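Novice: This is a predicted model, with the sequence first.
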Amino acid sequence: MTKPSRAGIVAAGLLLVVALTSCGREPAKDPDSPQVPETSTGFTSIAPPPEPVPGASTSAGPGNPGGTMPTSKQPSRPGAGPGAGPGQRPGPGQPPAAPGGPGNPCGKPPAGTAADGKAQQRIVFTPPGTHQWPDVDVTLRACATSGLPVSFQLQNGGRGGSCWTAALSGATTRAQSVPLTCEITATQAGNTAFAPAQPVVQTWMVNKLAVKIGWLGSADTLVYSAGQVATLQVRVTAMHPIPPLMIYTQEDGACSEAAAPRSVGGTGSAAITFDVRVTLQDPGTQPGSCDLRISVDSNQVASGSYDTRHYVVRR
């Protein structure tokens, strides 16, 4: 056996040291070789669930087993402030989301901005219309394209002139006298995002109840006999239940007296029929005709509610 030389022993020792010190190190990467993942952990990291968004649906469904609707973070845009992404609250100085969109009956807001740089808004005020007693309540309906609440102001504060009303309860008020003519102004003062809206004025009217009066029967001739009393019928109709009415009669010609009930109505009916007893005079001493007038009166009924009928009286 050949005895190793001293130089060979030194060289073998150096090789052993190099091998021991390089154990566990990664081989040098060739910059031209394909890139591959450096590690593989054996599991997939799951991001924590997003924070719930106010107003988001919390019901579970297909693709949403957790029951919370996740939202994606939108990339920032030049000039976009905080909260500018869909489904988020507007940031400072920004208008409410989607003014004039679905659910806003006012439609789209006016284009452009106001002189102060704020967004413009417009009020849509539904006319209250003309009513008849006893339809004396009205609920005012108005909205602004900004989605901000609308306020109402009554003419004379609802306490003077032709506008006497109860105090507003929400958007509902009541006429306290008829006839009533009342101008109502809808306003929206704006906020940090919207300029004040142009006020809109509408007129609300409540008229007295219109009634129709008519003598029933088609006969135009009343036949006289000694002590003759003719019984005629009168009918009063309206579109609403008729309040208590005072009845007045007037006769001319061959009629000595026409008697009717002093008061009718107030029973909840919109049609009332009552009798009028007419005493006829001898047409030999009086003109052979009779003119009858019937009229009704009430604080809630329009004036001029009467009807006149001309009859021929003969033996």
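Specialist: Okay, I see it.

Novice: Need the pLDDT of the nearest residue to V201 once chain neighbours are set aside.
Specialist: The shortest distance from V201 to any non-neighbouring residue, by CB to CB, 6 or more residues apart in numbering, is to T185 (5.1 Å). Placement of C-beta: from N, CA and C, glycine included. Turning to T185, the model gives it a pLDDT of 98.

Novice: what's the answer for T68, then?
Specialist: At T68, pLDDT is 35.

Novice: so L232 sits right up against L292, yeah?
Specialist: Yes - between L232 and L292 a contact is recorded at 7.4 Å, counting by CB atoms under 8 Å.

Novice: Which of the two has more residues huddled nearby?
Specialist: Between L232 and L292, counted using other CB atoms under 10 Å, L292 has the larger neighbour count: 23 against 19.

Novice: ok, that one to T187 distance?
Specialist: L292 sits 55 Å away from T187, taking CB to CB, to the nearest Å as the criterion.

Novice: Please parse this structure into its domains.
Specialist: Domains of the chain are assigned by automatic domain parsing as 123-207, 211-314.

Novice: Export the ones you listed to JSON lines and append columns for distance to P109.
Specialist: Shown next, in JSON lines, are the domains of the chain (distance: least, CB to CB, whole Å):
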{"stretch": "domain 123-207", "distance to P109": "4"}
{"stretch": "domain 211-314", "distance to P109": "40"}
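
Novice: Quick one, which of those gets closest to G112.
Specialist: When the domains of the chain are compared by CB to CB, domain 123-207 sits nearest G112, at 10.7 Å.

Novice: before we move on, the earlier item: contact partners of the strand or helix carrying the residue nearest to V201?
Specialist: For T185, the host element (DSSP states H and E) is strand 180-187. Applying CB atoms under 8 Å, 6 or more residues apart in numbering, the external contacts of strand 180-187 come out as 123, 125, 128, 136, 140, 142, 150-155, 158, 162-165, 175, 196-197, 199-206.

Novice: Show the buried residues in the residues you listed.
Specialist: With burial judged by 16 or more other CB atoms under 10 Å, the buried subset of the contacts of strand 180-187 is 123, 125, 128, 136, 140, 142, 150, 152, 154-155, 158, 163-165, 175, 197, 200, 202, 204-206.

Novice: Sort out for me which of those residues are in strands.
Specialist: In strands, judged by DSSP state E, the following of the buried ones among the contacts of strand 180-187 are found: I123, F125, A142, F152, L154, C163, W164, V200, Q202, W204, M205, V206.

Novice: Just give me the closest of those to T285.
Specialist: T285 has its nearest neighbour among these in V206, at 50.6 Å by CB to CB.

Novice: where are the low-confidence patches of the stretch 201-315 of the chain?
Specialist: Within the stretch 201-315 of the chain, the segments meeting pLDDT under 70 span 218.

Novice: again, only this time at 90
Specialist: Applying pLDDT under 90 to the stretch 201-315 of the chain flags the ranges 217-228, 230, 253-257, 281-288, 303-304, 313-315.

Novice: residue ranges of the strands in it, please?
Specialist: 211-215, 221-223, 229-238, 245-253, 255-259, 263-264, 271-280, 289-297, 306-314 (DSSP state E, counting those that start in this stretch).

Novice: Specify the stretch among the ones you listed that is closest to A111.
Specialist: strand 229-238 (49.1 Å).

Novice: Enumerate residues external to the closest one that contact any of its residues.
Specialist: Contact partners of strand 229-238, identified using CB under 8 Å, 6+ apart, comprise 209-217, 222, 242, 245, 260, 264-265, 270-280, 292, 294, 296, 307.

Novice: List only those of those flagged as buried.
Specialist: Taking 16+ other CB under 10 Å as the criterion, what is buried in these is 209, 211, 213, 215, 222, 242, 245, 260, 264-265, 272, 274, 276, 278, 280, 292, 294, 296, 307.

Novice: Can you list the low-confidence ranges for the stretch 51-200 of the chain?
Specialist: Where the stretch 51-200 of the chain drops to pLDDT under 90, the residues are 51-109, 111-112.

Novice: could you redo the last one with a cut-off of 70?
Specialist: Applying pLDDT under 70 to the stretch 51-200 of the chain picks out residues 51-104.

Novice: In contact with the residue lying closest to Q281 once chain neighbours are set aside: list those residues for me.
Specialist: Distances taken as CB to CB, 6+ apart place A254 nearest to Q281, at 4.7 Å, with adjacent residues excluded. The contact partners of A254, taken as CB under 8 Å, 6+ apart, are Y224, L280, Q281, D282, P283, Q286, P287, G288, S289, C290, V313.

Novice: Give the PyMOL command for selecting the buried subset of those residues.
Specialist: Buried residues among those (16+ other CB under 10 Å), as a PyMOL selection:
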select buried, resi 224+280+281+283+286+288+289+290+313
